[in-house]
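Asks: fold the following for me, if possible:
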Amino acid sequence: MRERDLNQLDRRSFLTAAGAFVVALATPTEWAEAAQFDSAAAAGVRPDRLSSYISIDRGGTVTAYYGKIDGGQGLETSVAQLVAEEIDVPWDRVRVVMSDTAQCVNMGGSTAGNGLRQGGIILRQTAAEARRLLIGLASEKLGVPASELTVTDGVVHFVSDPSKRVSYGELIGARPLDAPVEYHGEAQRLTVKVRAPLKKPEEFRVIGKPYPRRDLPGKVFGTLQQVTDVKLPNMAHARMIRPPVAGAVPLTVDQKSISDIPGTQVVWIRDFLAVVAEKEWNAVKAAQRLKVTWSESHPGFPGHEKLFDHIRNAPVVARSSDSNVRAAGASQERNEGDIEEAFRRAAFVLEGEYEYPTMSHASMGPACAVADVRDDGATVYTSTQKPFDCQLGIAELLEFPPEKVRAIWMFGTGGYARDAQGDATADAALLSKHLKRPVRVQYMRFESLAWDPKGTASVSRNRAGFDAQGKVIAYENITKSFSMEDCNTRERHPQDTLAGMALGHPLNWRAAFGTPGNNYQFDNAHWGWELIAPLMDRSSPLRTTHLRDPFGPPLMFGSEAFVDEMAVHAKSDPIEFRLKYISEPRDRELLAAAAKQYGWDSRPSPTTAQPGTVATGRGFAYRTLGGTLIALIAEVRVNRDSGVVEIPRIVVAHDCGLIVNSETIRHVIDRQIIWQTSRTMIEELRFDDKMVQSVDWLSYPVVMMPGVPRSVEIVTIDRPDQPASGAAEMACGPLPAAISNAVFDATGVRLRRIPFTPERVRAALARGPEQAVKASL
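Replies: Model prediction:
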């Protein structure tokens, strides 16, 4: 296929070229109803048609159309297992098309581990329905009741006589048939209802097996085509020009300053500025040499050292209790009993604060995107986490109808949460429209770190009231922070991207945050949040958004470290203390599994005094999210002289319901632990009053191999009778608190600010055990 044909390849053309015909088969009684939809199905993708989810070619290969992405967790492999299980074909005969807006139904973004929880179950259901309809066809063809037929490896045959058979490919012939699917909602709320039942766990032959990751060989050997590899005829290369001070805009641009670099030109549209060249290296040189006069700007950032004072002192602009926040579904506030009255009668009140810093996504490679905008439509190649929202945002930016924009998702160098991939895609689309040719935008390292949307800093305030017998009668957790949606996570509008804001669109701010996930049952409790205003009204390098596990570490660090403080006050073992306030059987089983794997001995923290330079301790933390439960134990070695904290051992007990791939889930959990170790021990974005200062791996270091945990032991609890609730990010959340609690167990000193750098650990040790965090009433 020629490269230029890629832009014009719609789903129907794709299927025809591959010799595929739509499965969407109907039994004879459903034939008349199905026939009326044939022309509509051929015209495009619709959520009410089975053909939009499953197809089978003449050779019997099944294609599943998955309207989400694989952020590196191995979802392609697991989705293929779900489909193979229900439609009864070998796993290697299922191919998965992921998040191509011209070929897939919009299933929303892949967030909070919902890749299998929502998108996976849709394909599992539709595969089961396709099998049911195929058996109905075979029943007519073979002249026997459907109840006497079964399927083995894509062949329908008599239960009693396998020689009487007909394959899926033979049943389909050359007819693109269709059948209806009942659906409700859209995007992340999309659900379907079909007549076919799902298989029972005792019938599983594919689900639960450790099939190898399909994406890994291509990644290891460099054969996987990623968005950075896209090459289109007549494609130009671009680099963005960003201001040296946040908020500055170009006043004059000296195009002569790059006139000696062959094939280069400047694109300047309002405050949007870029250089474009025929060769990529020339674009890099032009970006370095272009002379620009910038306007004066005084953003007045507080600087990272004063950031937490700024958060504490800034006026609150929104609360989780606000009626408009609740109406928008962004609150997550939880209340039990009468908390203020309970605190008034408490015999003792314990208080504690914790600080979580601003962080960059710090993707392994900077963002990249390719756009080909023509008069009659546009195609963008992107590795954003939400291609369907990207499609809408690009359409609005270009002033095209959404159906005229096709977003093709491809693997990239980082696609978790709302990183810079969406900004690069919008940049490329705007440039391509202006230049009337394909454009590839590749960010540089400094740009990706300095200008990507950031994970927000926060201050966690906690207090607990105890009665005279030591029972918790009041509990409160309040997180004060910037909104998690200073920069909207969905890229659905121009104002959600740097390109749109450079054209004058205002920041698309929304009051949104979260509360810690747990199943604690306190008689009187309140979990809530307070938000402060963004630092700039638009085009900010510090605009905040979702970073991987947005409702995890920033919330769980303070809440779970403080629960540890509560256990210390009660002179109770940390796990036993939690179990006093947890009644859910699954949660209790989870905590027991972690304790058993670690060999946990019951005792309060801290441990007895340890002579010598190095002290050892263990710490526990727990969380829930979307039906998934995590219990995590960290073991640390603290060098009192150097302040270095080593992590010899991590134990994770993990319950996410149905486990689709027993090996992939362990890989996913293990990599989360390494990733979050970096963010707990090392990472923190540095900035002054004018601009981000963390622009490379020296100024924004990440964990190296000597710093990763030596051992990560994973205990998975498989519940095949429960839905798959997801595992993509849940293990990140408890890790910071578990490490902090372990350091306290080893030394008696509480670490209250991330990252736990040697300098901060030494300073905490020098201050010694805290006394002022308690207040007796």
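Asks: span of stretch 563-575 from start to end?
Replies: End-to-end span of stretch 563-575 (CA to CA, to the nearest Å): 10 Å.
Asks: quick one, strands of the stretch 201-350 of the chain?
Replies: When secondary structure is read from DSSP state E, counting those that start in this stretch, the stretch 201-350 of the chain shows strands at 236-240, 250-254, 264-269, 272-277, 291-294, 318-319, 334-336, 348-356.
Asks: could you say which one of those comes nearest to H505?
Replies: For the strands of the stretch 201-350 of the chain, the distance to H505 is smallest for strand 272-277, at 11.1 Å, taking CB to CB. All C-beta spots, glycine's among them, are computed from the backbone N, C-alpha and C.
Asks: list the helices and strands that closest one packs on?
Replies: strand 236-240, strand 264-269, helix 280-289, helix 421-435, helix 498-502 (3 or more CB pairs under 8 Å, 6 or more residues apart in numbering; DSSP states H and E).
Asks: repeat that for 6 Å
Replies: strand 236-240, strand 264-269, helix 280-289 (3 or more CB pairs under 6 Å, 6 or more residues apart in numbering; DSSP states H and E).
Asks: who does it pair up with?
Replies: Taking DSSP bridges as the criterion, strand 272-277 pairs within the sheet with strand 236-240 (antiparallel), strand 264-269 (antiparallel).
Asks: could those be laid out in JSON lines, adding mean neighbour count?
Replies: Formatted as JSON lines, the strands paired with strand 272-277 follow (neighbours: other CB atoms under 10 Å):
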{"stretch": "strand 236-240", "mean neighbour count": "24"}
{"stretch": "strand 264-269", "mean neighbour count": "18"}
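Asks: for Y66, which of these is the nearest?
Replies: From the strands paired with strand 272-277, taking CB to CB, the stretch that ends up closest is strand 236-240, at 30.8 Å.
Asks: neighbouring contacts of the closest one?
Replies: 274-277, 280, 283, 287, 427, 431, 437, 439-441 (CB atoms under 6 Å, 6 or more residues apart in numbering).
Asks: so can I have CSV of those showing neighbour count?
Replies: Listed next are those as CSV, based on neighbours: other CB under 10 Å:
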residue, neighbour count
A274, 28
V275, 27
V276, 23
A277, 22
E280, 15
A283, 25
A287, 21
D427, 27
L431, 25
R437, 18
V439, 28
R440, 26
V441, 28
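Asks: of these, which pair is most distant in space?
Replies: Spatially, the most separated pair among the contacts of strand 236-240 is A287 and R437, at 19.0 Å (CB to CB).
Asks: and A775, what's its pLDDT?
Replies: The confidence metric pLDDT takes the value 40 at A775.
Asks: repeat that for E33.
Replies: On pLDDT, E33 comes in at 32.
Asks: what's the burial count for the closest residue to T191 other than its chain neighbours?
Replies: Closest residue in space to T191, ignoring its immediate chain neighbours: H184 at 5.1 Å, by CB to CB, 6 or more residues apart in numbering. Number of residues near H184 (other CB atoms under 10 Å) recorded here: 10.
Asks: now swap in R679 and tell me
Replies: Using other CB under 10 Å, R679 has 25 other residues around it.
Asks: please enumerate the strands of the stretch 451-600 of the chain.
Replies: 454-455, 458-466, 472-482, 525-532, 544-545.
Asks: dump the lengthiest helix in the chain to PDB, restricted to CA.
Replies: If you go by DSSP state H, the chain has its longest helix at helix 121-142. Extracted as PDB, the C-alpha positions of helix 121-142 are listed here (Å, rounded to 0.1, in the frame of the first residue of the first chain):
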ATOM      1  CA  ILE A 121     -16.100  -6.400  28.800                       C
ATOM      2  CA  ILE A 122     -17.800  -4.800  25.700                       C
ATOM      3  CA  LEU A 123     -15.600  -6.800  23.300                       C
ATOM      4  CA  ARG A 124     -16.100  -9.900  25.400                       C
ATOM      5  CA  GLN A 125     -19.900  -9.600  25.200                       C
ATOM      6  CA  THR A 126     -19.900  -8.800  21.500                       C
ATOM      7  CA  ALA A 127     -17.600 -11.800  20.800                       C
ATOM      8  CA  ALA A 128     -20.000 -14.000  22.700                       C
ATOM      9  CA  GLU A 129     -22.900 -12.600  20.700                       C
ATOM     10  CA  ALA A 130     -21.100 -13.200  17.400                       C
ATOM     11  CA  ARG A 131     -20.500 -16.900  18.400                       C
ATOM     12  CA  ARG A 132     -24.200 -17.300  19.200                       C
ATOM     13  CA  LEU A 133     -25.200 -15.900  15.800                       C
ATOM     14  CA  LEU A 134     -22.700 -18.100  14.000                       C
ATOM     15  CA  ILE A 135     -24.000 -21.200  15.700                       C
ATOM     16  CA  GLY A 136     -27.500 -20.200  14.600                       C
ATOM     17  CA  LEU A 137     -26.200 -19.900  11.000                       C
ATOM     18  CA  ALA A 138     -24.500 -23.300  11.300                       C
ATOM     19  CA  SER A 139     -27.700 -24.800  12.700                       C
ATOM     20  CA  GLU A 140     -29.600 -23.800   9.500                       C
ATOM     21  CA  LYS A 141     -26.700 -24.900   7.200                       C
ATOM     22  CA  LEU A 142     -26.300 -28.300   8.900                       C
END
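Asks: picking up where we left off before, single out the most deeply packed of the strands of the stretch 451-600 of the chain.
Replies: Counting by mean count of other CB atoms under 10 Å, strand 454-455 has the highest mean neighbour count of those, with a mean of 28.
Asks: re earlier: adding mean pLDDT and distance to S147, write the helices and strands packed on strand 272-277 out as CSV.
Replies: Putting the helices and strands packed on strand 272-277 into CSV (pLDDT from 0 to 100; distance: least, CB to CB, whole Å) gives the following:
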stretch, mean pLDDT, distance to S147
strand 236-240, 98, 62
strand 264-269, 98, 66
helix 280-289, 98, 63
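Asks: now render the strands of the stretch 201-350 of the chain as CSV, adding distance to T716.
Replies: Listed next are the strands of the stretch 201-350 of the chain as CSV, based on distance: least, CB to CB, whole Å:
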stretch, distance to T716
strand 236-240, 43
strand 250-254, 54
strand 264-269, 51
strand 272-277, 48
strand 291-294, 54
strand 318-319, 38
strand 334-336, 28
strand 348-356, 28
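Asks: who wins for proximity to R510 among the strands paired with strand 272-277?
Replies: In terms of CB to CB, the element of the strands paired with strand 272-277 nearest to R510 is strand 236-240, at 25.7 Å.
Asks: for this protein, list the residue farthest from the centre, please.
Replies: No residue in the chain has its C-alpha farther from the mean C-alpha position than G143, which lies at 49.7 Å (CA atoms, centre = their mean).
Asks: what separation do you get for that one and S383?
Replies: Taking CB to CB, to the nearest Å as the criterion, G143 is separated from S383 by 51 Å.
Asks: domain assignment for this protein?
Replies: 3-220, 227-298+367-443, 307-360+453-532 (automatic domain parsing).
Asks: pull up the distance across the second one, start to finish.
Replies: This means domain 227-298+367-443. For domain 227-298+367-443, the first-to-last residue distance is 13 Å (CA to CA).
Asks: wait, S78 touches I659, no?
Replies: No - counting by CB atoms under 6 Å, no contact exists between S78 and I659, whose distance comes to 9.5 Å.
Asks: of those two, which one has the most company?
Replies: Residue environment comparison for S78 versus I659 gives the larger neighbour count to S78, 27 against 23, counting by other CB under 10 Å.
Asks: surely that one is within a strand?
Replies: No - counting by DSSP: H, G, I helix; E, B strand; the rest coil, S78 is located in no strand; its state is helix.
Asks: what sits against it?
Replies: Remark: with contacts taken as CB under 6 Å, 6+ apart, S78 is in contact with V660, N661.
Asks: quickly note the distance from it to D549.
Replies: 19 Å.
Asks: ok, now A187?
Replies: Per CB to CB, A187 is found 21 Å from D549.
Asks: these two: which is more packed in?
Replies: Taking neighbours as other CB under 10 Å, A187 and D549 compare with D549 leading, 28 against 16.
Asks: tell me if I'm right that the more buried one and C732 touch.
Replies: Yes - assessed by CB under 6 Å, D549 is found in contact with C732 at 4.1 Å.
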